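Novice: sequence unavailable; structure follows:
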Ligand SMILES: Cc1ncc(C[n+]2csc(CCOP(=O)(O)OP(=O)(O)O)c2C)c(N)n1
Ligand SMILES: [Mg+2]
């Protein structure tokens, strides 16, 4: 969709910066321009007219189990990090779960996913086993990359997880390559790539937007907009807080959605996947969400008030899912039984990882470099 007759007013702000307000775009006219969406639980979603069909109760129960598995796994990982059991930086996606679960449920086996260093939720949503995932974060040999990838480089091609990446935005052109391969081979595979709001200002994002739109690649760009880049709120780094507006200038369809609601995410990604498979090209989805834990394990979180986090707790993915289940007649007792089941499963997964052997030092360089005879034949 194009922004017909749009115009931008740029006003000076008190702190010497500028504030840009996009006006006259017919489809966003009703959106209230917020001065600080950083502290809003969810900004107005009037920018997207999305039909959201209700998912079955059985699927919602499965999604709740998955969301809780991710949440409890990440809480256990934070505890392990505090005990000094995890080397290197570890970023959790506590609060982001619905973005991964809704998207994975809308896609097919054989489709591809790439994501950021904040990618445990994507790995599990795409079917990776929690025990082996924890082992990977702990650097143990039963991990999906034999403990050599760690938290920031989750990978499992058999699940379509083609790689988390520690370099902001680097996973995005990788997904375009996967989508291009699918297109050239005449396959029906779609690639989805997840990135943060901070990635928008990397040049490679814009190169990828352009080529993906021009070549109509079967690609879905999914921005998990948690409104922070590390410790910096979005209003300090971007004059436009509505991230979904950027890709429109490349002729790409885009939508802004509630990233904390699995049914909304599922509907948006289903629509984008259908477009991609029909040859109509990429779609950009901005899922508004919030990171409830620190940027990484050990983050002191001095940059945001505790009240802001508490406000967001009232509308986070697990709460939203529990409310949906209760509304469908799944009672408290059933939910409590699920909670207990998942809690035990995570305890077992942690024990599995802790008992997993360290990689053999003799294998240090195995699977790290690719041997090739390309060009020498
Ligand atoms: C190219 C590059 N620049 C800087 C960094 C350091 N860095 C790590 S995470 C991050 C913030 C990214 O924010 P965002 O894209 O919003 O993702 P979030 O962490 O909020 O999920 C930065 C700047 C990096 N890893 N790669
Ligand atoms: Mg962010």
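Specialist: Thanks, I have it. Fair warning: this is a prediction, and the values are worked out from it, not measured in the lab. Ligands and ions are numbered 1, 2, ... in the order given.
Novice: now do the strands in the chain.
Specialist: 7-12, 18-23, 112-116, 161-165, 191-196, 219-225, 228-229, 232-233, 253-258, 283-288 (DSSP state E).
Novice: these into TSV, with extra columns for mean neighbour count and mean pLDDT?
Specialist: All C-beta atoms are positioned from the backbone trio N, CA, C, and that covers glycine. Compiled in TSV, the strands of the chain are given as follows (neighbours: other CB atoms under 10 Å; pLDDT from 0 to 100):
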stretch	mean neighbour count	mean pLDDT
strand 7-12	10	36
strand 18-23	13	34
strand 112-116	27	98
strand 161-165	22	98
strand 191-196	28	98
strand 219-225	29	98
strand 228-229	20	96
strand 232-233	16	93
strand 253-258	23	93
strand 283-288	26	96
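Novice: report the separation between residue 185 and ligand 2.
Specialist: 34 Å (CB to the ion, to the nearest Å).
Novice: meant to ask about residue 221, not that
Specialist: 15 Å.
Novice: that residue pairs with what?
Specialist: Counting by DSSP bridges, residue 221 is bridged to residue 193, residue 284.
Novice: surely it meets residue 282?
Specialist: Yes - counting by CB atoms under 8 Å, residue 282 is a contact partner of residue 221 at 6.2 Å.
Novice: between these two, which contacts overlap?
Specialist: 209, 212, 252 (CB atoms under 8 Å, 6 or more residues apart in numbering).
Novice: so what's the first one up against?
Specialist: Shown here is residue 209, whose contacts under the criterion CB under 8 Å, 6+ apart are 221, 246, 247, 250, 252, 282, 284.
Novice: so which of those belong to helices?
Specialist: In helices, judged by DSSP state H, none of the contacts of residue 209 are found.
Novice: which two in the residues you listed are spaced the farthest apart?
Specialist: 246 and 282 (13.1 Å; CB to CB).
Novice: tell me which of those two has more neighbours.
Specialist: More crowded of residue 246 and residue 282, by other CB atoms under 10 Å: residue 282, with 31 against 21.
Novice: isn't that one right next to residue 212, touching?
Specialist: Yes - counting by CB under 8 Å, residue 212 is a contact partner of residue 282 at 4.5 Å.
Novice: and the closest residue to ligand 2 within the stretch 101-250 of the chain, what does it touch?
Specialist: For the stretch 101-250 of the chain and ligand 2, the shortest gap (CB to the ion) falls at residue 196, measuring 3.5 Å. Contacts of residue 196 were listed using CB under 8 Å, 6+ apart, and they are 116, 118, 168, 223, 224, 225, 226, 229.
Novice: cutoff 6 Å now
Specialist: residue 224 (CB atoms under 6 Å, 6 or more residues apart in numbering).
Novice: ok, and the closest non-adjacent residue to the residue in the stretch 251-377 of the chain positioned nearest to ligand 2?
Specialist: Per CB to the ion, residue 291 is where the stretch 251-377 of the chain lies closest to ligand 2, at 7.1 Å. Nearest residue to residue 291, sequence neighbours excluded (CB to CB, 6 or more residues apart in numbering): residue 226, at 4.4 Å.
Novice: who's in contact with that neighbour?
Specialist: 289, 290, 291.
Novice: what about it, distance to ligand 1?
Specialist: 5 Å (CB to the nearest ligand atom, to the nearest Å).
Novice: for residue 362, same thing?
Specialist: According to CB to the nearest ligand atom, residue 362 and ligand 1 sit 31 Å apart.
Novice: what is the neighbour count of that residue?
Specialist: Counted with other CB under 10 Å, residue 362 comes out at 7.
Novice: what's the answer for residue 299, then?
Specialist: The burial count for residue 299: 16, using other CB under 10 Å.
Novice: fine, thanks again, bye for now.
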